[in-house]
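Peer 1: After the sequence you'll find the predicted model.
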Amino acid sequence: MRISSGYEAKKARVEMLPLIDVVFLLLVFFIYAMVSMVVHRGIHIDLPSAGTATLESKDYISITIDSDNQLFLNSEPAIAEGLAKRIRQLRGSSSKPVFIEGDQKADLGLAIELLDDLKKIGIEEVSFSCKKETP
């Protein structure tokens with residue numbers, strides 16, 4: 001005579017709790033990976049601070065003026081002559097904004113001349129980068 005324990009009729013099943021744990025761990029991993037892949041363009045400079053500064057994360061063209069008044073276009077050394085036309089070529093038909101990132105010790109005159117050259121050739125989307133002022 002055979003005694004039934006009740007386990008013979010049950011089918012194998014996939015437990016959901018460990019599966020949910022694995023999915024959440026994968027989600028956390030991918031979120032952390034995306035956050036850590038921040039794109040830094042330009043040269044390390046000491047930006048001035050402003051109380052109304054906002055964060056822009058769109059694709060943009062970066063012009064950096066370091067403390068020795070050297071110009072960099074998207075981290076590559078550049079010269080002031082013809083820089084505005086080169087930026088126009090980089091933009092093409094898109095409307096990428098242009099950010100001028102100047103060190104606190106850089107001459108303001110160079111940034112103003114560059115801004116004037118950009119305005120002359122019709123580039124209106126120009127901003128100065130700064131860090132947010134801390135209270």
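Peer 2: Looks like it came in fine.

Peer 1: The closest residue to Ala78 other than its chain neighbours: neighbouring residues, count only.
Peer 2: Nearest residue to Ala78, sequence neighbours excluded (C-beta to C-beta, 6 or more residues apart in numbering): Leu71, at 4.7 Å. Glycine gets a C-beta too; all of them are placed from N, C-alpha and C. Neighbour count of Leu71, defined by other C-beta atoms under 10 Å: 20.

Peer 1: Hmm, Leu71 is touching Gly82, no?
Peer 2: No: the pair Leu71 / Gly82 is not scored as a contact, 11.2 Å apart, by C-beta atoms under 8 Å.

Peer 1: what bridges to the closest residue to Ala106 other than its chain neighbours?
Peer 2: With C-beta to C-beta, 6+ apart as the measure, Ile65 is the residue that lies nearest to Ala106, at 4.4 Å, once sequence neighbours are left out. Beta bridges link Ile65 to Leu71, Gly102 when assigned by DSSP bridges.

Peer 1: quick one, what contacts Ile65?
Peer 2: Contact analysis of Ile65 by C-beta atoms under 8 Å, 6 or more residues apart in numbering lists 45, 71-72, 100-103, 106-107, 110-111, 114.

Peer 1: go again using 6 Å as the cut-off
Peer 2: Ile65 makes contact with 102, 106, 110 under the criterion C-beta atoms under 6 Å, 6 or more residues apart in numbering.

Peer 1: same check, this time on Asp117
Peer 2: So Asp117 contacts Ala84 (C-beta under 6 Å, 6+ apart).
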